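[1] predicted coordinates and the sequence they were generated for:
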Amino acid sequence: MKPSDTWNSRSREPSLAEAPILHVDLDAFFASVEVLDDPSLRGRPVAVGGAGARGVIASASYEARRYGVASGMASVTALRRCANLVIRPGRFDRYEEISQQFRAIVADTTSRYEAIGLDELFCDLTGLARRGVRPVEAARALRARVVDELRLDCGIGVARNKLFAKLASREAKARVVRGQLVAGPGVFYVDPATEARWLAELPVRALWGVGPATAAKLTSLGLTHVRDVARVDERDLASHLGPALAATLASFARGEDPREVVSDRRVKSLGHEQTFARSLVGGEVVAAARVHAGVISRALRERHQLARTLSIVVRFDDRESLSRSQTLAFGVDDDEAIFRISEALLAGVDTSRAVRLLGIHASSFLARGSSEVQLSFAVASAQETRQRALEESRSRQVAHAALRDAVDEVRRRYGNDALSRASEIGELATQRGRYAFGPALGDADEGADGR
Ligand SMILES: [Mg+2]
C-alpha cells in the first residue's frame, strides 16, 4: 500500500481555504542540473560533491540513489557502492541562475512565496481565492511549467500548513525501493480528514529539525514514530528532552505548525555588517563571525525576539560577494547557536581569499515566549539550586543535539564539506560566483515578487 494511493485524495479536490500552502522542491537539484547541461550523463549515476579522499556527496541523481548513494555520504563510500559513479564539483553560478528562473515561474502564480534554499520554497495561495484558484490544480500547473521550462522535475506538497506541505512534497517525488526507482505522483495533497493518521505513521526523523542526533535521543526513549511522540505527555517528554524541544515536537506531533509563509520582499532582518580595515583570511573570518554573533544575540534579546533564519554575507577584496542563509526549526537568540550556524554557513566559503566585509543577519522573528521553541544555552548561575542546574545542563545537552542537527542540515543543503574539499583540489574556486547561495539580502526589496 503506497501512501500516495491511500492519502493522495483524488476523489475530491480541496478548496483553497483547506489547503493553501504549497511546498515545491526540485529533485536532486545539483545533480539534475549537471545532467541537464551534459546530456551524455543521462541515465548514468551522477553526484555533485568532492571527489577527493575526504570529499562528501552534496547531491545524488536517482540513478546514483539506486546504488545507495546519498547526500552527506563520504565520496569514498559512495564510490564503493557505485564504482562508475560520476562525481562533478559544484557550479554554483549555474545553480543560482536556474534557481532565479525557478522563482520567476513561481512568481507568476503568487508573490507570496518563501525560498528556503536554491531548490526549495513554500507558497501561500490564500490571496488567490478571488481568482477561484484551486490548490491541487495550481500545483499541477506549476509543476508542468517547471518541467517544461526548466526541464527539471519537482515534487509539490499541498496542505494546510508548512509542516504537512513539506512532508507531502517528499511523498510527491520518485523514490528508490529495493534498488528500483518508483515514480511518485508529482503533486501530493494531504487531506485534513486523514492527515493525523498519516502523520502518526511517519518516523520521527521526518519531522523538521529532527536530525540524526535528536532521532537517536528519541529512539533511546523508545520513540521511533510520530505516534509515539503524540502519546507521550509533553511534560514527560520535557523531563527527558528539555522543555524547548519537547514543545516543538509535541506541536508537530499534533500536526500544528504556526509558521507563516514570509515572502522575500517582506523580510525584515536585523544585521551586523563590518568592513574591515585590513582584509581577513581563514580563522580571522571565523573569529569575526563570533564577534558578530554576540552583537546580533544582544540585539535580539533586547528586542525580546528570537530569529529562525540566519544569513551571512561575505564580500571579497575583488568586490565579489555571496550570501547564504539557513532557516531553523527553532528560534535562537544566543551567541553560541548563532555563531555555530554562521560558522557552518561559512564553512564552504573559500576564506583563503581576502575577505573585505562580513555580515550576519537574523530574520523570521518570533516573539520570545511564543509557542515555538527556543534553543537556550543559558548557563545556570551559581545561585541556582543544584536541581535547576541539572535541568539546565540536561536541556543544554538536548539543545546541543538540536543544534548539531541544524548544522548538519546546513552541510547537507550546501554540501559544505564537499565544496570546501572540491575547492582544495582547485576545481571550484574559479566557479563560485556572486550570490552563489540564496537571495542577496541587499536585494530583498527588489525581489522577484513585484506582483
Ligand atoms: Mg530538492
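    Perfect, thanks for sending it.

[2] so where's the chain shaky on pLDDT?
    Within the chain, the ranges that satisfy pLDDT under 70 run 1-11, 242-244, 264-267, 367-399, 413-451.

[3] would you mind listing what in it touches the ion?
    D25, L26, F29, D119 (CB under 5 Å from the ion). Any C-beta I mention is one placed from the backbone N, CA and C, and that applies to glycine too.

[4] and those residues as CSV, adding secondary structure, neighbour count and distance to A354?
    Below are the residues of the chain next to the ion laid out as CSV (DSSP: H, G, I helix; E, B strand; the rest coil; neighbours: other CB atoms under 10 Å; distance: CB to CB, whole Å):
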residue, secondary structure, neighbour count, distance to A354
D25, strand, 22, 36
L26, strand, 24, 34
F29, helix, 22, 31
D119, coil, 23, 31
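
[5] which pair in those spans the largest distance?
    D25 and F29 (8.5 Å; CB to CB).

[6] so what sits against both of these two?
    The contact sets of D25 and F29 overlap at D119 (CB atoms under 8 Å, 6 or more residues apart in numbering).

[7] can you list phi and psi of P135 for me?
    Backbone geometry at P135, expressed as degrees, to the nearest 10, gives phi -60, psi -40.

[8] how about R81, what does it touch?
    When contacts are counted by CB under 8 Å, 6+ apart, R81 is found next to Y67, G68, V69.

[9] the last one in helix, strand or coil?
    Right, the one you point to is V69. Of the three states, V69 takes coil according to DSSP: H, G, I helix; E, B strand; the rest coil.

[10] hang on, it packs against I57?
    Yes - with contact defined as CB atoms under 8 Å, V69 counts as touching I57 (6.3 Å).

[11] hey, what's in contact with both of the two?
    With CB under 8 Å, 6+ apart, V69 and I57 have common neighbours A47, A78.

[12] where's S364, which helix or strand?
    strand 355-367 (DSSP states H and E).

[13] what packs against that strand?
    strand 270-280, helix 283-302, strand 305-316, strand 321-332, helix 335-346 (3 or more CB pairs under 8 Å, 6 or more residues apart in numbering; DSSP states H and E).

[14] which other helices and strands does the fourth one contact?
    Read it as strand 321-332. Right, strand 321-332 is packed against helix 243-253, strand 305-316, helix 335-346, strand 355-367, strand 374-375, helix 386-414 by 3+ CB pairs under 8 Å, 6+ apart.

[15] got the ones you listed as CSV, with mean neighbour count columns?
    Below are those laid out as CSV (neighbours: other CB atoms under 10 Å):
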stretch, mean neighbour count
helix 243-253, 22
strand 305-316, 23
helix 335-346, 23
strand 355-367, 22
strand 374-375, 24
helix 386-414, 19
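
[16] among the ones you listed, which is nearest V177?
    Closest to V177 of these is helix 386-414 (CB to CB; 22.1 Å).
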